[in-house]
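Asks: Build me a model from this:
(chains A and B)
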Amino acid sequence: SQQGEEDPQALSIQEGENATMNCSYKTSINNLQWYRQNSGRGLVHLILIRSNEREKHSGRLRVTLDTSKKSSSLLITASRAADTASYFCATDPYQGGKLIFGQGTELSVKP
Amino acid sequence: KAGVTQTPRYLIKTRGQQVTLSCSPISGHRSVSWYQQTPGQGLQFLFEYFSETQRNKGNFPGRFSGRQFSNSRSEMNVSTLELGDSALYLCASSLGQGRNTIYFGEGSWLTVV
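Replies: Numbers count the residues shown, from 1 in each chain, chains lettered A, B, ... in the order given. As a prediction, the model looks like this:
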């Protein structure tokens, strides 16, 4: 079963705009990871945020984590057509390699 | 260094057959986990191996099995294939000590006809 939900399920924006995706989860976690998946490909790791962190940046990516609300958000600034992909959050409530994924947000960035 | 490598990338099998998928983790990683991705169920955890021992298992029937070798390479096997087993099978690796980044391979596309 899925750990949580992602919102929105689909997002369409113009190049240069910012994209925000939200993820909610159900149980306590050790960390939360965000991944990108291009159609038919594997998952590319974007960023990991630990349960004791509130915000993390990596290039044009900004991730926040609110453990009291059991939610996280991924912000992509100045989006590009190449950012078009599905984005997944995954939590690690058990430690080790068992990740629980959300359903993903399908992002479309139009040139 | 090389990423997670999965073989084969694409395969077609007939109902009732079995299939073996292979995964080579990132060098130095001792944890290998497997996931199934389908349009209907999304990404679901199959099992995880660490130092040749299965450490976690998802809610899949016994037809799905796996193993890990001493060099950390892993294989998963699905016996008596069903049409519903058609999916993208993803392998992931990490250092396996908890709170680590988990890296995925490109996946193996399995089609059961």
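
Asks: Test my guess that A:Q33 contacts A:L48.
Replies: Yes. The pair A:Q33 / A:L48 is scored as a contact, 4.7 Å apart, by CB atoms under 8 Å. For the C-beta atoms, the positions are set from N, CA and C on the backbone; glycine is no exception.

Asks: between these two, what contacts are shared?
Replies: B:T101 (CB atoms under 8 Å, 6 or more residues apart in numbering or on different chains).

Asks: and these two? which has more neighbours close in?
Replies: Remark: of A:Q33 and A:L48, A:Q33 carries more neighbours, 22 against 19, as counted by other CB atoms under 10 Å in any protein chain shown.

Asks: ok, the more buried one to A:F88 distance?
Replies: Note on A:Q33: its distance to A:F88, by CB to CB, to the nearest Å, is 9 Å.

Asks: what does A:G42 give?
Replies: As for A:G42, its distance to A:F88 is 12 Å (criterion: CB to CB).

Asks: So which of these two has more stuff around it?
Replies: Each of A:G42 and A:F88 has its neighbours counted (other CB under 10 Å); A:F88 has more, 25 against 22.

Asks: just checking, what packs against the lowest-mean-pLDDT helix or strand in chain A?
Replies: Least confident helix or strand, chain A: strand A:5-7 with a mean of 84, by mean pLDDT, DSSP states H and E. For strand A:5-7, the elements it packs on are strand A:19-24, strand A:85-91, judged by 3 or more CB pairs under 8 Å, 6 or more residues apart in numbering or on different chains; DSSP states H and E.

Asks: what's the next secondary structure element after the last one?
Replies: By that I understand strand A:85-91. Sequence order places strand A:100-101 as the next helix or strand after strand A:85-91, per DSSP states H and E.

Asks: That next one and chain B in contact?
Replies: Yes. On the criterion CB under 8 Å from any CB of the partner chain, strand A:100-101 is in touch with chain B at A:100-101.

Asks: Each with direction, which strands does that strand pair with?
Replies: Strand pairing for strand A:100-101, determined by DSSP bridges: strand A:85-91 (antiparallel).

Asks: what sits up against the lowest-mean-pLDDT helix or strand in chain B?
Replies: Every helix and strand of chain B was ranked by mean pLDDT, DSSP H and E. The lowest is strand B:53-57, at a mean of 91. Applying CB under 8 Å, 6+ apart, the external contacts of strand B:53-57 come out as A:94, A:96-98, B:31, B:33, B:45-49, B:66, B:68.

Asks: tell me which residues of that strand are tucked away?
Replies: Across strand B:53-57, burial judged by 16 or more other CB atoms under 10 Å in any protein chain shown covers B:55-56.

Asks: the strands in chain A, which residues?
Replies: When secondary structure is read from DSSP state E, chain A shows strands at A:5-7, A:10-14, A:19-24, A:31-37, A:43-50, A:55-58, A:61-66, A:71-76, A:85-91, A:100-101, A:105-110.

Asks: In TSV, list those strands along with distance to B:N77.
Replies: Converted to TSV, the strands of chain A look like this (distance: least, CB to CB, whole Å):
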stretch	distance to B:N77
strand A:5-7	32
strand A:10-14	36
strand A:19-24	33
strand A:31-37	25
strand A:43-50	22
strand A:55-58	37
strand A:61-66	36
strand A:71-76	35
strand A:85-91	25
strand A:100-101	23
strand A:105-110	32
